[in-house]
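Asker: sharing a model that was predicted from the sequence below.
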Amino acid sequence: MHDATHAVRRRRDLIVAAVFVALAACVPLFVKDVYAQNIMVLTLMYAGLSQSWNILGGYCGQISLGHALYFGLGAYVTAILLTKFGVLPWFGMLAGGIVSALIALALGYPTFRLGGHYFAIATIVIAEIAFLLFLNWDWAGAALGIDIMVREDSWAKFQFTRSKLPYFYFALFFAAVAWLVTWWLENSKWGYWWRAVKDNPDAAESLGVVVFKSKMGAGAISAFLTAIGGAFYAMFVSYIDPDAVMSFQFSLLISLPAVLGGIGTLWGPVLGAAVLIPVTELTRSFIGGSGRGVDLIVYGSLIVLVSLTRPDGLLGLFSRKRKVEAAR
Amino acid sequence: MMALLETRGVWQRFGGLIANADVSISVGRGEIVGLIGPNGAGKSTLFNLIAGVRPPTQGTIWLDGVDITATPATERCRRGIARTFQVVKSFETMTVIDNVIVGALIRTTEMRAARRKAFEVLEFCGLAGRADVMASELIPSEKRRLEVARALATEPKLLLLDEVLTGLTPLEAQTGVELVRRVRDTGVTVLMVEHVMEIVMPLVDRAIVLDLGKVLVEGKPTDVVRDPKVIAAYLGDRHAVGA
């Protein structure tokens, strides 16, 4: 009996997600404004990125503030392979994901031994080092970056001169895949191990959870998916430099939707991105012009507000009802 | 007959402090053994050595005739040692049943099987009605039972209980005592640390008394409580003379 209610809940999540995707797919049919479409693309991309971050930061409890590194690596690997070797971005995307996952494992080996805040600090520092390396690495374009020439409309080369629609649908696909991966992992051994590690590593160990290995797994999966998002972004903006894909700002933008929406939850990143990204983009265009920063102030305040009133994120508004249901 | 668990000449030093000095104990299959002693006797230290929190400074630990001295805690769990914590360590952001599923997953990776197993264990421990509640919402005695349930889900041969009966109301303690008996009846060997004697004495088959890091007395609970050395350790020499 208990088995059944759990399965029903999971199936309901899946159906809701499918409906969301179907509805979202129809939106561009009605919203033709390019600026609005642009915001939608970014919202979906950050939903997917934050979902990826959430696997390591939310479920496994290892707060990374250096995901710009994996985002940037995805972008760079794709752009370099395309411009220097003529490799199609689809393969570049995959390569970027694999490179990022491997780097995450190599970096995780020393850093996952660090506890709590020290891990977060280490991720900031490492991402910053990578940023400086790319800023000075001539072969990779250094500070000038890499220009991806867009000459034609081509799905094979994933570049489109006029329409934003293909980007929109890929971003939707990316967000859906990241969600689906999370949905699947959530009810797997890994998902349970991660949450146990987050809540109490000592107790987890006593129950046979291999703490270090589960952190490494979370790190690799999270980095892989984040790099896919980065690869997409490189193709979407068709020009990258360290500032545009690897700055600390991205680390924040990737983690904040999950924190705002509900850290370590399936729907948190989606909800957070849906609120945060349009708000930042709109403030940037209305108040902006006088330089960056106002949007950062806006979402800084949002985070403060949420953590003061709803420490479990916006999703906490809904889960209270669920708890009451469960208690009956 | 070979004992299920054995420690041979185990020493644990913390800097200049000797917490365990040459401790050799054995626990037979199907026994309930109480590890007792006054505060600071080295019970918890020995308990942690058996659970695999750290290797002993000297000496060896054997499970089922296999030397597990260097085996880490995770692997010991796989081999059949499960433990509870004196200060409860529930997974607070997870539901009660999810807590137990973590334990069940060491024997199966099939989620349905793990969930079914977890629910069975919760029924056994009288927590089935609370399966979908967040662990953080349990009252203290329920949290203790959750610790036991989680450990049982790993299907241990040896269950280590660290003061699970301490600090409970008499009624809760009685329920706890019955739970421990039922656990033993399913074939699990129990080694329990307690310092409240009146709770454990009627329950255990054998008591091992530690004092100042050494085994002081070992035997049937009825004999142990009358032993002058034990009375002296708990109450001081003055009382022992009278006895």
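Answerer: Cool, the structure landed.

Asker: give me the number of residues near B:E172?
Answerer: 17 (other CB atoms under 10 Å in any protein chain shown). All C-beta atoms are positioned from the backbone trio N, CA, C, and that covers glycine.

Asker: check contacts around the residue lying closest to it once chain neighbours are set aside.
Answerer: Closest residue to B:E172 apart from its sequence neighbours, by CB to CB, 6 or more residues apart in numbering or on different chains: B:S141 at 4.3 Å. Residues counted as contacts of B:S141 (CB atoms under 8 Å, 6 or more residues apart in numbering or on different chains) are B:L168, B:T169, B:E172, B:T175, B:G176.

Asker: buried ones among the residues you listed?
Answerer: B:L168, B:E172, B:T175, B:G176 (16 or more other CB atoms under 10 Å in any protein chain shown).

Asker: for chain B, just list every one of the strands.
Answerer: Along chain B, the stretches classed as strands by DSSP state E are B:5-14, B:17-27, B:32-36, B:58-63, B:66-67, B:81-83, B:158-162, B:189-193, B:206-211, B:214-219.

Asker: same question for the stretch 151-300 of chain A.
Answerer: A:239-240 (DSSP state E, counting those that start in this stretch).

Asker: how about the residues of it that lie near chain B?
Answerer: A:187-189, A:192-193, A:195-196, A:198-200, A:202-211, A:264 (CB under 8 Å from any CB of the partner chain).

Asker: my guess is B:L49 contacts B:T7, does it?
Answerer: Yes - if you go by CB atoms under 8 Å, B:L49 and B:T7 touch, sitting 7.4 Å apart.

Asker: which strands and helices sit next to the longest helix seen in chain B?
Answerer: Across chain B, the longest stretch assigned as helix under DSSP state H is helix B:170-185. The contact analysis (3 or more CB pairs under 8 Å, 6 or more residues apart in numbering or on different chains; DSSP states H and E) places helix B:170-185 against strand B:32-36, helix B:140-152, strand B:189-193.

Asker: let's see that with 7 Å instead.
Answerer: Here helix B:170-185 touches helix B:140-152, strand B:189-193, going by 3 or more CB pairs under 7 Å, 6 or more residues apart in numbering or on different chains; DSSP states H and E.

Asker: okay, now the sheet partners of the last one, with direction.
Answerer: In the sheet containing strand B:189-193, the strands it pairs with under DSSP bridges are strand B:32-36 (parallel), strand B:158-162 (parallel).

Asker: pipe those into a markdown table and attach mean neighbour count and mean pLDDT per row.
Answerer: Converted to a markdown table, the strands paired with strand B:189-193 look like this (neighbours: other CB atoms under 10 Å in any protein chain shown; pLDDT from 0 to 100):
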| stretch | mean neighbour count | mean pLDDT |
| --- | --- | --- |
| strand B:32-36 | 25 | 93 |
| strand B:158-162 | 25 | 96 |
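
Asker: just put those in TSV and tack on distance to B:M111.
Answerer: Below are those laid out as TSV (distance: least, CB to CB, whole Å):
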stretch	distance to B:M111
strand B:32-36	33
strand B:158-162	25
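
Asker: list the contacts of A:A223.
Answerer: For A:A223, the contact set (CB atoms under 7 Å, 6 or more residues apart in numbering or on different chains) comprises A:Y70, A:S100, A:A101, A:I103, A:A104.

Asker: how about it, nearest residue that isn't a chain neighbour?
Answerer: Counting by CB to CB, 6+ apart, the residue nearest A:A223 is A:A104, at 3.5 Å.

Asker: isn't that neighbour right up against A:G219?
Answerer: Yes - at 4.4 Å, A:A104 and A:G219 qualify as touching, with contact defined as CB atoms under 7 Å.

Asker: please list the residues of chain B that sit near chain A.
Answerer: Within chain B, the positions adjacent to chain A are B:51, B:73-74, B:77-78, B:83, B:85, B:89, B:91-94, B:98, B:101-103, B:105-106, B:109, B:111-112, B:115-116, B:119, B:131-134, B:150, B:154 by CB under 7 Å from any CB of the partner chain.

Asker: ok, back up a step: make a PyMOL selection of the buried ones in the residues of the stretch 151-300 of chain A next to chain B.
Answerer: Buried residues within these, by 16+ other CB under 10 Å, are selected in PyMOL with:
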select buried, chain A and resi 187+189+192+193+195+196+198+199+200+203+204+205+206+207+208+209+210+211+264
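
Asker: out of the strands of chain B, flag the one nearest B:T45.
Answerer: strand B:17-27 (4.1 Å; CB to CB).

Asker: now do that closest one: which elements does it pack against?
Answerer: So strand B:17-27, by 3+ CB pairs under 7 Å, 6+ apart, packs with strand B:5-14, helix B:43-51, strand B:214-219.

Asker: residues in contact with that strand?
Answerer: B:3-12, B:33, B:42, B:45-46, B:189, B:191, B:208, B:213-215.

Asker: if we go to 8 Å?
Answerer: Here strand B:17-27 has contacts from B:3-13, B:33, B:35, B:42, B:45-46, B:49, B:56, B:59, B:158, B:189, B:191, B:208, B:210, B:212-215, B:218, using CB under 8 Å, 6+ apart.

Asker: just the buried residues of the residues you listed.
Answerer: Buried among these (16+ other CB under 10 Å): B:3-8, B:10-12, B:33, B:35, B:42, B:45-46, B:49, B:56, B:59, B:158, B:189, B:191, B:208, B:210, B:213, B:215, B:218.

Asker: show me what contacts A:T111?
Answerer: Contacts of A:T111 by CB under 8 Å, 6+ apart are A:F119, A:A122, A:T123, A:I126.

Asker: again, but for B:D64
Answerer: Counting by CB under 8 Å, 6+ apart, B:D64 has contacts B:M2, B:L4, B:R79, B:G80, B:K157.

Asker: for the third one, which non-adjacent residue is spatially closest?
Answerer: Pointing back at B:R79 there. B:L63 (6.1 Å).

Asker: was I right about the one you found contacting B:R76?
Answerer: Yes - between B:L63 and B:R76 a contact is recorded at 7.5 Å, counting by CB under 8 Å.

Asker: worst-scoring helix or strand of chain B, pLDDT-wise?
Answerer: Lowest mean confidence among the helices and strands of chain B (mean pLDDT, DSSP states H and E): helix B:237-242, at a mean of 59.

Asker: list the contacts of residue 181.
Answerer: If you meant another chain, say so; for now it's chain A. A:Q51, A:I55, A:I221, A:L225.

Asker: that answer is for a different chain, and I need it for chain B
Answerer: Contacts of B:R181 (CB under 8 Å, 6+ apart): B:I32, B:L203.

Asker: where in the stretch 201-328 of chain A is pLDDT low?
Answerer: A:288-293, A:299, A:311, A:319-328 (pLDDT under 70).

Asker: residue boundaries of the helices in it?
Answerer: A:201-206, A:211-237, A:242-245, A:248-261, A:268-287, A:294-309, A:316-327 (DSSP state H, counting those that start in this stretch).

Asker: so what does the fifth one touch, helix or strand wise?
Answerer: Packed against helix A:268-287 by the contact rule (3+ CB pairs under 8 Å, 6+ apart) you find helix A:34-54, helix A:248-261, helix A:294-309.

Asker: centre of the chain to the shortest one, how far?
Answerer: Right, the one you point to is helix A:248-261. Computed by CA atoms, centre = their mean, to the nearest Å, the chain-centroid distance of helix A:248-261 equals 8 Å.

Asker: mind listing what's buried along it?
Answerer: Buried, per 16+ other CB under 10 Å, within helix A:248-261: A:F250, A:S251, A:L252, A:L253, A:I254, A:S255, A:L256, A:P257, A:A258, A:V259, A:L260, A:G261.
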